[in-house]
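In: sequence first, predicted model second:
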Amino acid sequence: MDTLKATDLKHASGALKSWKNAAFSLVEVTLALGIMAFSFTSIIGLLPLGLTVFRQAIDVSVSSQIVQRVANDAQQTDFSLLIGDVSGTPLVGTDGTKATRYFDEQGSEIVPATPGANLTSEQKKRVIYWVNTRIRPATTLVGNANANARLATVTVQIANNPANQTPNMDTSTKLWKESNFPVTTYSVLVSGK
């Protein structure tokens, strides 16, 4: 078979010796640890920003789900009841607003145990989103000077209000003003037959 030459053995033993003596110096290890610490500090610094963006994305998602639910409720309500009954009495009060509705963090509505009652203290603890609805009958469309009596504008406001503070109401428009918590306003057109 093959026989090893003396020079081959000498080269092999020299490579083995140099491999055994190879190591990182203390300076190299310290520099590597410093670079890693700096990198991790930068990454950890981005965490609060990422969590804020994540929370905002959840709020937008839940808010759109709530708006879809409120708009669906308005669209399924008889149009004459939505804007007022036969005698002209508005279903939602003379100022065009409905009672405030409350939703939890997942967009599920929280309703009192008995209609017309207030929420219990346990229910109030779960409330995250407050919803204000304003209905304006006889909506005027752009490019049309006449108001359309069979078209109503439903304005839905969602306040991300986990502290359960009472929102400030603008008395002229009957809409909430943004204060210590964000208020998002959406508009939906509902047509009658």
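Out: Great, that's in hand.
In: for this protein, what helix or strand is lowest in average pLDDT?
Out: Lowest on mean pLDDT, DSSP states H and E among the helices and strands of the chain sits helix 6-21, with a mean of 57.
In: downstream of it, the next helix or strand is which one?
Out: Heading C-terminal from helix 6-21, the first helix or strand you meet, by DSSP states H and E, is helix 26-76.
In: give the other helices and strands that that next one contacts.
Out: Where contact means 3 or more C-beta pairs under 8 Å, 6 or more residues apart in numbering; DSSP states H and E, helix 26-76 is packed against strand 101-103, strand 129-136, strand 151-160, strand 183-191. Backbone N, C-alpha and C define where each C-beta goes, glycine included.
In: state the mean pLDDT of the second one.
Out: Looking at strand 129-136 alone, the average pLDDT works out to 86.
In: ok so, going back, and of the helices and strands packed on helix 26-76, who's closest to residue 113?
Out: Checking the helices and strands packed on helix 26-76 against residue 113 by C-beta to C-beta gives strand 101-103 as the closest, at 13.3 Å.
In: need the contact partners of the closest one.
Out: Strand 101-103 is contacted by residues 62, 66, 70, 109-111, 119, 123, 127-131, 133 when judged by C-beta atoms under 8 Å, 6 or more residues apart in numbering.
In: rerun that using 10 Å as the cut-off
Out: Contacts to strand 101-103, defined as C-beta atoms under 10 Å, 6 or more residues apart in numbering, come from residues 62-63, 65-66, 69-70, 73, 108-112, 119, 123-124, 126-133, 156, 158, 161, 164.
In: of these, grab the buried ones for PyMOL.
Out: Selection of buried members from the contacts of strand 101-103 for PyMOL, criterion 16 or more other C-beta atoms under 10 Å:
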select buried, resi 62+63+66+69+70+110+119+126+127+128+129+130+131+132+133+156+158+161
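In: so which residue is dead centre in this protein?
Out: residue 59 (1.0 Å; C-alpha atoms, centre = their mean).
In: now that one: closest residue in space, sequence neighbours ignored.
Out: Nearest non-adjacent residue to residue 59, counting by C-beta to C-beta, 6 or more residues apart in numbering: residue 160, 5.6 Å away.
In: just give the number of residues close to the one you found.
Out: By the measure other C-beta atoms under 10 Å, the count of residues near residue 160 is 18.
In: ok, it touching residue 62?
Out: Yes: in this structure, residue 160 is within contact of residue 62 by C-beta atoms under 10 Å, at 8.8 Å.
In: got any residues that touch both of the two?
Out: When contacts are counted by C-beta under 10 Å, 6+ apart, residue 160 and residue 62 are jointly contacted by 105, 128-129.
In: can I get the residues you listed in a markdown table including distance to residue 24?
Out: Below are the shared contacts of residue 160 and residue 62 laid out as a markdown table (distance: C-beta to C-beta, whole Å):
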| residue | distance to residue 24 |
| --- | --- |
| 105 | 50 |
| 128 | 53 |
| 129 | 56 |
